[in-house]
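> build me a structure from this.
(chains A, B, C, D, E and F)
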4 protein chains.
Amino acid sequence: MSIAFNYSVHYAKVTLVYLSGLALMTDTQTRKKWKQDPEAVQANILAAAAEEFAEHGLTGARVDEIAARTRTSKRMIYYYFGDKESLYRQVLEEAYRKVRSEEAALDLTSLAPLDALRRLVEFTFDHHRANEVFIRLVMIENVHKGRHLSESSLIARVNASAIERIEDICARGQKDGSIRPDVSPHELHWLISAACFFNISNRFSFGISFDKSLFSEPGQHKLRALTCDAVIAAARGKVS
Amino acid sequence: MSIAFNYSVHYAKVTLVYLSGLALMTDTQTRKKWKQDPEAVQANILAAAAEEFAEHGLTGARVDEIAARTRTSKRMIYYYFGDKESLYRQVLEEAYRKVRSEEAALDLTSLAPLDALRRLVEFTFDHHRANEVFIRLVMIENVHKGRHLSESSLIARVNASAIERIEDICARGQKDGSIRPDVSPHELHWLISAACFFNISNRFSFGISFDKSLFSEPGQHKLRALTCDAVIAAARGKVS
Amino acid sequence: MSIAFNYSVHYAKVTLVYLSGLALMTDTQTRKKWKQDPEAVQANILAAAAEEFAEHGLTGARVDEIAARTRTSKRMIYYYFGDKESLYRQVLEEAYRKVRSEEAALDLTSLAPLDALRRLVEFTFDHHRANEVFIRLVMIENVHKGRHLSESSLIARVNASAIERIEDICARGQKDGSIRPDVSPHELHWLISAACFFNISNRFSFGISFDKSLFSEPGQHKLRALTCDAVIAAARGKVS
Amino acid sequence: MSIAFNYSVHYAKVTLVYLSGLALMTDTQTRKKWKQDPEAVQANILAAAAEEFAEHGLTGARVDEIAARTRTSKRMIYYYFGDKESLYRQVLEEAYRKVRSEEAALDLTSLAPLDALRRLVEFTFDHHRANEVFIRLVMIENVHKGRHLSESSLIARVNASAIERIEDICARGQKDGSIRPDVSPHELHWLISAACFFNISNRFSFGISFDKSLFSEPGQHKLRALTCDAVIAAARGKVS
DNA sequence: AATGAATGAGCATTCATTCAT
DNA sequence: CATGAATGAATGCTCATTCAT
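Model prediction:
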């Protein structure tokens, strides 16, 4: 007679093996060897960690939960990333790298300055909407006062191109008179970012307190237009 | 007007007394004996908790640390608030209540619509700058997807006045032609909030990645003007 | 404007009173004065405590929960009973007193010895079924190795009558030859108690492991008969 | 025969090995280094927990105290068993398993039915006396209304053999006429259990209220004989 | 006689991290 | 390169009880 059971609830894997002579089923025997290349393992961990950190924040994220989202074990997280905070930093860097490299694909040089500006706003608005994980990571990092971001030498470098693109638009617009001479590319970038970021970051509190319909598809369409109008107006010239 | 609702708890019996929206008893006033003064104890805990939650988030905050910031003990936190999450919820409610009641002091009815709008933007910009704790609590709550906010029946009510004020401005502006007829007060409120909120919430990540000088006093002055211009342009009429 | 709410969840009673001038509703104003005589208050506490202790055991019972089952407050429990363990002891004593006094109502003197014995078994069987709270208190006390029972001088006294009754039956039966001469009233009482007590005390574990139908009404009827048969057989004479 | 079931947990990975119903490794055998020996750690915890739970009940037991009785730490209890209640459940299961497997060693097939029955009662009486920890765990579980027992799929199965044995005796006795035809094996088992269980479970309250000498060695001898007589009389035939 | 406020000690449980192989 | 076992230091929370009036 031999009874074997193996019950998994929420902790780890427990295997009780009862036998009247022979061990029937040790689970190490039936376990496939993944034998992935280390880079794939690391990428897998980073992806899992990004989700968990974005979902629960740095303090709220659980290393066990990250491991569970992974194809490897918790032990490997420490093996490759040292500790939770280092992992978080790498997740942040990776997120910035990915988002900025996607932005780099946007070529605005063939458009007239104001058209380029409108296109940039639209793109940014849409891109932020499509990258909630990134938005959430940045929110979380701001809750931590940018402490980890400031330790990364990579971030500033990766963000430089974003500001260059808008500087180019401003320069061209100031040359042809379509943009007012005293405009600041940094300020313009700030305004665009504010609208596009807030649209995602604060949609919960804003939706609860005010109008949820602004976050429906038609509502978003209108907010996108509003943002374009406001940014272009600010770029064009003094009002009132 | 008198609103009474009853969800009867099981904590302790507590009576907080406010006079016309303002807390009657700030805890610095009563640094005396204060034994047997439940309201003061509660207010003191709420103040300490607000700081700790704003600093470290819901999961990052430590009840022990909150207690340490308090003139009473950890036990009393549980006595009056039940658990960490309930305390957090009450902190959130209290923060909204305080901020909205301060905003209510702003009287715009005597100003011309566009002047009122400008004044509103300036006030909001300044007010957000002066209330970082509130901003951080809202950020944190958005990291939690507004879960706790949506459980509070108070929040929507307390926010209603904010939207009424801008509706009034729009109505008056549409009447006298200074504001375009198809403007949406909710959208306008969204734009104002986005700029003023982002200015505080994301100043770390933005400052690190881009231009730190935007957050200096002169920089802030310019961003405030930029926000005014953008909002007024959006209210006035279609551009480009 | 005045808003008053009062939410009671599971802790105590919380009353937040906001007012723009006048306190509206303090709950001390609207509270009736029970002004019960002390004995009624004590009886009320004992009844509530009996339920709670029977339900959860000495360590599992919660003083707060006892208070909640009461018409008075937790403070009164300490006022009248000193501490949890003393209260428990008084509950135990009260339970024994009540059960034994109910048993005393059973008059067997007019019945022939074996009929009296059968009647006694039937009565005990039924009485135990009808007094689960008592059974549970005795179980719990046995988990505590009778520590509190042995501190009570009352218990032995109150139980004496139970043994006297069966001694009387045996004496009469031995006289008329219907009960064997070497029978021990204590042993007989032990056997009756065992069956009648176990029937209630262990019906959960027994029902789960074996036959639940024994605890249905027909099943109980059969067990009652079985117990009578077994006790009478044991009283009558040597078997096998 | 081989039964395999799978409820896969999330604790740690553990492999307990039993040989034909008997624990292979009692923890006194391995008082050496035992690091990296999960089975021994688990068994050690279960043993310590059984003592503590039997002594103080589920709510009265202290995890710290269990840990102190252990050769490992409190942390490992949670590592392997998740929480206090799960540990308790496993202790219960283990206790049932052990008791029933010891009972299985009793071979009654070579005895005449009534002799077998007498032997069974004597064995059960003695076995219960020798397993106070088990009795106490069952008492405690009954205080909890069998809640944890009913969640265990193992218990019913492990108890099946107990009832089969007495069914066999009854069948044989009915065939040769020594046991009455309408006897119920379940009822008989109930009567045996009641006497043998009560003898241990209630000896404190019974001893205090009535005759302590029943629990002396000679007293126990007489109660054992009384139980045999009563059970056999009940099995044999209708009386009075 | 009665009670709302207050509390210290303890309790179950979690979490990031390291050990040993 | 990989991993199951192990753990110290918190961490949120509870409980019986006492204080002050």
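> buried ones in stretch A:66-81?
For stretch A:66-81, the neighbour count (16 or more other Cβ atoms under 10 Å in any protein chain shown) marks A:66, A:67, A:69, A:70, A:72, A:74, A:76, A:77, A:80, A:81 as buried. Any C-beta I mention is one placed from the backbone N, CA and C, and that applies to glycine too.
> repeat that for stretch A:84-95.
The neighbour-count check on stretch A:84-95 (16+ other Cβ under 10 Å) flags A:84, A:87, A:88, A:89, A:90, A:91, A:92, A:93, A:94, A:95 as buried.
> stretch A:197-204 near chain B at all?
Yes: Stretch A:197-204 comes into contact with chain B (Cβ under 8 Å from any Cβ of the partner chain), by way of A:197, A:198, A:199, A:201, A:202, A:203, A:204.
> ok, and what's touching that stretch?
Here stretch A:197-204 makes contact (Cβ atoms under 8 Å, 6 or more residues apart in numbering or on different chains) with A:125, A:128-129, A:132, A:135-136, A:138-139, A:206, A:215, A:220, A:223, B:138-139, B:141-142, B:145-146, B:149-150, B:190, B:193-195, B:197-198, B:201-202.
> can you spell out the domain ranges of chain A, please?
Chain A breaks down by automatic domain parsing into domains covering A:1-31, A:111-236.
> a markdown table for those, including mean neighbour count, distance to residue D:167 and mean pLDDT?
Output for these, formatted as a markdown table (neighbours: other Cβ atoms under 10 Å in any protein chain shown; distance: least, Cβ to Cβ, whole Å; pLDDT from 0 to 100):
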| stretch | mean neighbour count | distance to residue D:167 | mean pLDDT |
| --- | --- | --- | --- |
| domain A:1-31 | 14 | 20 | 33 |
| domain A:111-236 | 19 | 64 | 95 |
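> ok, which of those comes nearest residue D:182?
Of all these, domain A:1-31 sits nearest to residue D:182, with 34.8 Å by Cβ to Cβ.
> format the domains of chain A as TSV; extra columns: distance to residue C:41.
Output for these, formatted as TSV (distance: least, Cβ to Cβ, whole Å):
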stretch	distance to residue C:41
domain A:1-31	47
domain A:111-236	48
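> out of those domains, nearest to residue D:41?
Counting by Cβ to Cβ, residue D:41 lies closest to domain A:1-31 out of those; the figure is 13.1 Å.
> quick one: check stretch A:76-84 for contact with chain B.
No: Stretch A:76-84 lies out of reach of chain B by Cβ under 8 Å from any Cβ, never closer than 12.6 Å.
> which strand or helix spans the closest residue to DNA strand F within chain A?
In chain A, the residue found nearest to DNA strand F is residue A:75; the distance is 3.8 Å by Cβ to the nearest atom of the strand. Element membership of residue A:75 [criterion: DSSP states H and E] is helix A:74-81.
> what do you get for residue A:174?
Element membership for residue A:174 (DSSP H and E) is helix A:153-176.
> just checking, what packs against that helix?
If contacts are counted by 3 or more Cβ pairs under 8 Å, 6 or more residues apart in numbering or on different chains; DSSP states H and E, helix A:153-176 sits against helix A:84-104, helix A:113-129, helix A:185-201, helix B:203-209.
> for residue A:145, phi and psi?
Here is the backbone geometry of residue A:145 (degrees, to the nearest 10): phi 60, psi 30.
> excluding chain neighbours, what is closest to it?
Closest residue in space to residue A:145, ignoring its immediate chain neighbours: residue B:204 at 5.1 Å, by Cβ to Cβ, 6 or more residues apart in numbering or on different chains.
> ditto for residue A:108
Distance criterion Cβ to Cβ, 6+ apart; nearest residue to residue A:108, sequence neighbours excluded, is residue A:116 at 4.0 Å.
> isn't that neighbour right up against residue A:167?
No: using Cβ atoms under 8 Å as the test, residue A:116 is too far from residue A:167 to be in contact (11.9 Å).
> grab the most central residue of chain A for me.
Centroid-nearest residue in chain A: residue A:134, 1.4 Å away (criterion: Cα atoms, centre = their mean).
> any idea how far that residue is from DNA strand E?
Distance of residue A:134 to DNA strand E, given as Cβ to the nearest atom of the strand, to the nearest Å: 22 Å.
> then residue A:175?
Taking Cβ to the nearest atom of the strand, one finds residue A:175 at 53 Å from DNA strand E.
> briefly note if the helix holding residue A:75 comes near chain D.
No: Helix A:74-81 lies apart from chain D when judged by Cβ under 8 Å from any Cβ; the minimum separation is 11.7 Å.
> can you give me the angle that helix makes with helix A:84-104?
For helix A:74-81 against helix A:84-104, the angle by axes from the mean of the first three to the mean of the last three Cα atoms, to 10 degrees is 70 degrees.
> picking that back up, please identify which helix or strand holds the residue nearest to the centre of chain A.
Under the criterion of DSSP H and E, residue A:134 resides in helix A:132-143.
> and residue A:42, by the same measure?
In the assignment (DSSP H and E), residue A:42 maps to helix A:38-60.
> what's the helix or strand that comes right after that helix in contact with?
Using DSSP H and E, the helix or strand that follows helix A:38-60 towards the C-terminus is helix A:63-68. Residues outside helix A:63-68 that contact it (Cβ under 8 Å, 6+ apart): A:45, A:48, A:49, A:52, A:56, A:73, A:74, A:76, A:77, A:84, A:87.
> hmm, the helix holding residue A:42 in reach of DNA strand F?
Yes: Helix A:38-60 is in contact with DNA strand F by Cβ under 7 Å from any atom of the strand, via A:38, A:41.
> what is the mean pLDDT for that helix?
Taken as a whole, helix A:38-60 has a mean pLDDT of 95.
> buried ones in that helix, by neighbour count?
With burial defined by 16+ other Cβ under 10 Å, the residues of helix A:38-60 counted as buried are A:41-42, A:44-46, A:48-60.
> so is it next to chain B?
Yes: against chain B, helix A:38-60 shows contacts by Cβ under 8 Å from any Cβ at A:56, A:57, A:58, A:59, A:60.
> the last one and residue B:61 touch, don't they?
Right, the one you point to is residue A:60. No: the criterion here is Cβ under 8 Å, and residue A:60 misses it with residue B:61 at 10.9 Å.
> tell me the secondary structure at residue A:72.
Here residue A:72 is recorded as coil under DSSP: H, G, I helix; E, B strand; the rest coil.
> check what pLDDT it gets.
Reported pLDDT for residue A:72: 93.
> so what's it closest to, chain neighbours aside?
Nearest non-adjacent residue to residue A:72, counting by Cβ to Cβ, 6+ apart: residue A:41, 5.5 Å away.
> redo the buried residues of stretch A:84-95 as JSON lines? Include pLDDT.
Below are the buried residues of stretch A:84-95 laid out as JSON lines (pLDDT from 0 to 100):
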{"residue": "A:84", "pLDDT": "97"}
{"residue": "A:87", "pLDDT": "97"}
{"residue": "A:88", "pLDDT": "97"}
{"residue": "A:89", "pLDDT": "96"}
{"residue": "A:90", "pLDDT": "96"}
{"residue": "A:91", "pLDDT": "97"}
{"residue": "A:92", "pLDDT": "96"}
{"residue": "A:93", "pLDDT": "95"}
{"residue": "A:94", "pLDDT": "95"}
{"residue": "A:95", "pLDDT": "96"}
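> spell out which parts of chain A neighbour DNA strand E.
A:61, A:62, A:63, A:64, A:74, A:75, A:78, A:83, A:84, A:85.
> who are the contact partners of the last one?
Taking Cβ under 8 Å, 6+ apart, we find residue A:85 in contact with A:58, A:148.
> and it, how far from residue D:141?
According to Cβ to Cβ, to the nearest Å, residue A:85 stands 46 Å off from residue D:141.
> now the fourth one
Computed as Cβ to Cβ, the residue A:64 to residue D:141 distance reads 32 Å.
> the first one now?
Taking Cβ to Cβ as the measure, residue A:61 falls 39 Å from residue D:141.
> give the contact list for residue A:114.
Taking Cβ under 8 Å, 6+ apart as the criterion, residue A:114 is in contact with A:173, A:178, A:179, A:232, A:235, A:236, B:240.
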